[in-house]
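Participant: the following comprises the amino acid sequence and a computationally predicted model.
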Amino acid sequence: HASRTDGVDKNVWVEFTQLAADYKAVNLGQGFPDFSPPKFIQEAFCKAVSGGPIMHQYTRAFGHPPLVRSLAKFFSRIVGHEIDPLEDILVTVGAYQALFCAFQALVNEGDEVIIVEPFFDCYQPMVKMAGGKAVYVPLRPKAASGAVLSSGDWVLSAEELASKFTPRTKAVVINTPNNPIGKVYKTEELQMIADLCIKHDALCISDEVYEWLTYDGAKHVKIASLPGMWERTITVGSAGKTFSATGWKVGWAISSGHIVKHMKTIHQNTVYHCATAAQEAVAQGFEREYEVFGSPESYFQQLPAMLHLKRNKLASCLESVGLQPIMPQGGYFMIADISSICLTFICMILLSFLQGLATIPVSAFYSPEHSKEFDKYIRFCFVKEDSTLDAAEDILRKWS
Ligand code: PMP
Ligand code: GLN
């Protein structure tokens, strides 16, 4: 076998999804909604598949034309830059493939890629498979008084980040809203990262799959919209998270054409393009959202409003069994220190499955060097039907 597969064979999603199925567990583990996508997008998909022969055949390699046009129209308004649908966008098989194309196209053997910890686990193996070296910089709980109970209290130190740059630094990877803690970066924090990227002539790969999901008035800001950043940022998005349809696997990367050009090379020589009908439906979804943007009819308002309630429901449930969740400002997940009800990491994982509740250990989102320190946290997904959250609550009550 090829040595690039060494050391990247373990995958937390493969293992825990199997365990959850084996134990028929209430699944607050893997991040996907257990409810249906909105009607309008389901209808758009049905319409696409019954829309004649072309919807069942290949489309343009770098993105179905109606989809890249709607993405360009939608996001130009938000980024404050006229996005060229044909040059500046690559439609991919989920955000995963957008990330993969970015690392493959931009990272050379020996290049360093700075990753903010905790991070969505695939960044590290993808950097490694591209021949790069992952360099980690942590979000740290603010040293301030007492318990840190909001994801906003986890911050990146400018000095520490600055100290990680070397002449080999190719890119910095950020994720806002963050998986797993739910941090939503403030403009000042993004500006600090942007200043360092510009100073060191580095790229920024910004994973924004949860961009519409913010709570308590937290506001998602695109780093690509800051001065001097459009031409060095690759913004990654996902229709799975945007329209609650993770199984469709439609994602995208948006960046300057001179960067996307190289990502297209990887894409055309690997998957070529992703499912036509799914792309057509996502295009219709963005057309609709463009029309209703900012109004109460917008799914990008309705979904966070619904998830806000679910987040609060799960938080009260955890608190009622004596756990202290860190309140996420955004995203699908909430983490909690469970050392008060479980002494060891192994005990925690075992107990959770034996009792029928699937969760994910937060150590999976850390490099091997730092994962031990976070053994006592687990991640819960709250993008679930209230009945699923109730079933989880019943289990936690027996457990605690
Ligand atoms: N980035 C983050 C932060 C994620 O949580 C996920 C998982 N949904 C992805 C990327 C991959 O997204 P997709 O399902 O669109 O490939
Ligand atoms: N992004 C999802 C999560 O964090 C799942 C990804 C996957 O299943 N591969 O739970």
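Facilitator: Received the coordinates, thanks. Ligands and ions are numbered 1, 2, ... in the order given.

Participant: wait, a strand at G237?
Facilitator: Yes: G237 sits within a strand when classified using DSSP: H, G, I helix; E, B strand; the rest coil.

Participant: thought it was touching G251?
Facilitator: Yes: using CB atoms under 8 Å, G237 makes contact with G251 at a distance of 6.4 Å. In short, each C-beta sits where N, CA and C put it, glycine included.

Participant: find residues that contact each of these two.
Facilitator: 95, 98, 209 (CB atoms under 8 Å, 6 or more residues apart in numbering).

Participant: from those, list just the buried residues.
Facilitator: Buried members of the shared contacts of G237 and G251, counted by 16 or more other CB atoms under 10 Å: 95, 98, 209.

Participant: give me every residue that touches V26.
Facilitator: Residues near V26 by CB under 8 Å, 6+ apart: 356-358, 388, 391-392, 395.

Participant: can you check the pLDDT for it?
Facilitator: For V26, the model assigns a pLDDT of 91.

Participant: could you list which of the shared contacts of G237 and G251 also contact ligand 1?
Facilitator: Checked against ligand 1 using CB under 6 Å from any ligand atom, the shared contacts of G237 and G251 yield the following neighbours: 95, 209.

Participant: among the shared contacts of G237 and G251, which ones are in helices?
Facilitator: Judged by DSSP state H, the shared contacts of G237 and G251 include 95, 98 as members of helices.

Participant: can you tell me which of the shared contacts of G237 and G251 is closest to I78?
Facilitator: Of all the shared contacts of G237 and G251, V209 has the smallest distance to I78: 15.1 Å, by CB to CB.

Participant: the closest one - nearest residue in space that isn't next to it in sequence?
Facilitator: Closest residue to V209 apart from its sequence neighbours, by CB to CB, 6 or more residues apart in numbering: S238 at 4.0 Å.

Participant: please apply the same query to F293.
Facilitator: With sequence-adjacent residues excluded and distances taken as CB to CB, 6+ apart, F293 is closest to F300, at 7.4 Å.

Participant: again with G240
Facilitator: T246 (3.7 Å).

Participant: wait, the one you found touches V209, no?
Facilitator: No: counting by CB under 8 Å, T246 stays clear of V209, with 9.8 Å between them.

Participant: mutual contacts of the two, please.
Facilitator: Joint contacts of T246 and V209 (CB under 8 Å, 6+ apart) are 238, 240.

Participant: now the strands: where do they sit in the protein?
Facilitator: 26-27, 89-92, 112-117, 133-141, 154-156, 169-175, 203-207, 233-238, 251-254, 324-326, 333-337, 357-358, 360-361, 377-381 (DSSP state E).

Participant: what's the closest of those strands to N11?
Facilitator: Going by CB to CB, the one of the strands of the chain nearest N11 is strand 360-361, 11.9 Å.

Participant: state the distance from the nearest residue to V155 once chain neighbours are set aside to I115.
Facilitator: In space, and not counting its chain neighbours, V155 is closest to K142: 5.9 Å by CB to CB, 6+ apart. Separation of K142 from I115 (CB to CB, to the nearest Å): 21 Å.
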